[in-house]
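what follows is a protein structure lacking sequence information:
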């Protein structure tokens, strides 16, 4: 059977891996020249409840990408405001490691391959059309196109194209496969009936920072610098997609994390003001290039789905990552992608689809977001293992733990150990 994965971010890569391990022929299409999408500017893993989710994934047999991020980590077990035991992977080497691993599994990777349309018959997608006119047939489609772009959305709901890692001007706009199939997408909201939300961080060139800041980043992974009182802006926290960072500490300080570059934990920050901070007199943005003015806008295209990651109304279309919900983070993308890839194969061979149980955080997150997105209040929230509403829920339900033995027992109790490693075909 042929599984087509549209989009090569973390969720698309995870879906391709689990579909391949289950026995499918897998073709992965990515419109840019790099896999991982926002993963090339992210870098934070295992913070707070993401540790629990990562170990659940490993126990489920879906830890391939978690293991790669662990391998590429510059720092482990670090703390910064509101976050504990985080790992920071090197954004400058991660993509190459992932691409080589995916190709080693026999997955066909098609870069510079943008999908422009689909062929549909009844409630099934028969195949996809590429921008060069080629047509590719598939038995099952997994959409992981994300929720950011094209440029017009960043202009309408943000401060214009920020020249981010997604590079829409060079590689073309994102399209929604689900919308092309006749399904009405959901859009995330924020205060004032405005749609979407700003991406939550920027990258600075470490070389543009003082020796003292660079050395501290290299040694500890974290630098916290006070913002001048006249430049503190608490209202800006409301615009962030990553509400786990919407703490007053992130308004009163510049917080830098070492991910190979210096990850600046704010949506954007005027360069003139940034350079007023001692040690940052020469600060320079490397992503987005317009980080002094704005950032990319996300959560404008979420497909309605069931908890097995199948898109409602289309029999053979699955989704993952931000396309599948108002999720924040790499771990969340890998979780949803892993389930979508496995279930794509189950669907194709007529097996019952897999639902991850709510006794596991990976299952509860998927189900909880699906419930909440039905309400306006829920569409204004974002869902992540790392903080905000969902991390509080994890702790209340007693699901948060860093005890690996306990996590393995939970998975074993559900008879799901290595479920994503089992060949189905």
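Received the coordinates, thanks. Bear in mind the structure is a predicted one, so any value in this text is a computation, not a measurement.

give me the nearest residue to residue 262, chain neighbours excluded.
In space, and not counting its chain neighbours, residue 262 is closest to residue 204: 4.3 Å by CB to CB, 6 or more residues apart in numbering. (C-beta placed from N, C-alpha, C; glycine too.)

what sits against the one you found?
Counting by CB atoms under 8 Å, 6 or more residues apart in numbering, residue 204 touches 256, 261, 262, 263, 264, 283, 284, 285, 286.

how close does the first one get to residue 367?
In this structure, residue 256 and residue 367 are separated by 36 Å, where distance is defined by CB to CB, to the nearest Å.

cool, and the last one?
For residue 286, the distance to residue 367 equals 38 Å [CB to CB].

who's residue 80 bridged to?
Counting by DSSP bridges, residue 80 is bridged to residue 83.

so it makes contact with residue 255?
Yes. If you go by CB atoms under 8 Å, residue 80 and residue 255 touch, sitting 6.1 Å apart.

any residues in contact with both of those two?
Counting by CB under 8 Å, 6+ apart, the residues touching both residue 80 and residue 255 are 222, 224, 265.

more neighbours: residue 256 and residue 367, which one.
residue 256 (26 against 15; other CB atoms under 10 Å).

just to check, that one is in contact with residue 222?
Yes. With contacts defined as CB under 8 Å, residue 256 counts as touching residue 222 at a distance of 7.1 Å.

tell me the secondary structure for residue 374?
For residue 374, the secondary-structure state derived from DSSP: H, G, I helix; E, B strand; the rest coil is coil.

so how far is residue 206 from the residue of the chain positioned farthest from its centre?
Ranked by distance from the centre of the chain (CA atoms, centre = their mean), the top residue is residue 230, with 34.0 Å. Using CB to CB, one obtains 27 Å as the distance from residue 230 to residue 206.

do residue 140 as well
To residue 206, residue 140 is 43 Å away according to CB to CB.

more crowded one of the two?
The neighbour comparison of residue 140 against residue 206 (other CB under 10 Å) goes to residue 140, with 27 against 18.

give me the beta-bridge partners of the more buried one?
Residues in beta-bridge contact with residue 140 (DSSP bridges): residue 3.

that one and residue 319 touch, don't they?
No. Applying CB under 8 Å, one finds residue 140 not in contact with residue 319, separated by 11.7 Å.

list the residues that contact both of those two?
Common neighbours of residue 140 and residue 319 (CB under 8 Å, 6+ apart) do not exist.

by neighbours, which of the shared contacts of residue 80 and residue 255 wins?
Scoring those on neighbours with other CB under 10 Å, the highest-scoring entry is residue 265 at 24 neighbours.

can you list phi and psi of it for me?
Main-chain dihedrals, residue 265, degrees, to the nearest 10: phi -90, psi 70.

residues in contact with it?
80, 200, 201, 245, 250, 254, 255, 256, 257.

could you chop this protein up by domain?
The record's domain parsing of the chain by automatic domain parsing lists 2-195+297-421, 198-287.

out of those, which gets the lowest mean score?
Ranked on mean pLDDT, the bottom entry among the domains of the chain is domain 198-287, at a mean of 88.

what's the end-to-end length of that one?
14 Å (CA to CA, to the nearest Å).

and if you look at stretch 287-302?
Stretch 287-302 has its terminal residues 25 Å apart, counting by CA to CA.

the contacts of residue 265 into JSON lines, with extra columns for distance to residue 5?
Converted to JSON lines, the contacts of residue 265 look like this (distance: CB to CB, whole Å):
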{"residue": "80", "distance to residue 5": "34"}
{"residue": "200", "distance to residue 5": "26"}
{"residue": "201", "distance to residue 5": "26"}
{"residue": "245", "distance to residue 5": "30"}
{"residue": "250", "distance to residue 5": "34"}
{"residue": "254", "distance to residue 5": "38"}
{"residue": "255", "distance to residue 5": "34"}
{"residue": "256", "distance to residue 5": "34"}
{"residue": "257", "distance to residue 5": "30"}
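
take those and keep only those in strands.
80, 254, 255, 256, 257 (DSSP state E).

now, which of those sits nearest residue 272?
For the ones in strands among the contacts of residue 265, the closest approach to residue 272 (CB to CB) belongs to residue 254, at 14.0 Å.

quick one: contacts for that closest one?
Residues in contact with residue 254 (CB under 8 Å, 6+ apart) are 224, 225, 226, 227, 264, 265, 266, 269, 274, 277, 280.

show me what it bridges to in the sheet.
Beta-bridge partners, per DSSP bridges, of residue 254: residue 225.

what separation do you get for it and residue 300?
Taking CB to CB as the measure, residue 254 falls 28 Å from residue 300.

quickly note the distance from the nearest residue to residue 173 once chain neighbours are set aside to residue 31.
Nearest residue to residue 173 in three dimensions, chain neighbours excluded: residue 150, at 3.1 Å (CB to CB, 6+ apart). Using CB to CB, residue 150 is found at 11 Å from residue 31.

neighbour-wise, which of these two wins?
Each of residue 150 and residue 31 has its neighbours counted (other CB under 10 Å); residue 31 has more, 28 against 16.

unless I'm mixing things up, that one is touching residue 113, no?
Yes. Between residue 31 and residue 113 a contact is recorded at 6.6 Å, counting by CB under 8 Å.

re earlier: what is the nearest of the shared contacts of residue 80 and residue 255 to residue 103?
Distances from residue 103 to these, taken by CB to CB, are shortest for residue 265, at 33.2 Å.

skipping adjacent residues, who's closest to that closest one in space?
In this structure, residue 265 finds its nearest non-sequential neighbour in residue 255, 4.3 Å apart by CB to CB, 6+ apart.

the nearest residue to residue 190 once chain neighbours are set aside pairs with what?
Leaving aside its sequence neighbours, residue 190 sits nearest to residue 197 (CB to CB, 6+ apart; 5.7 Å). Residue 197 forms beta bridges with residue 298, as assigned by DSSP bridges.
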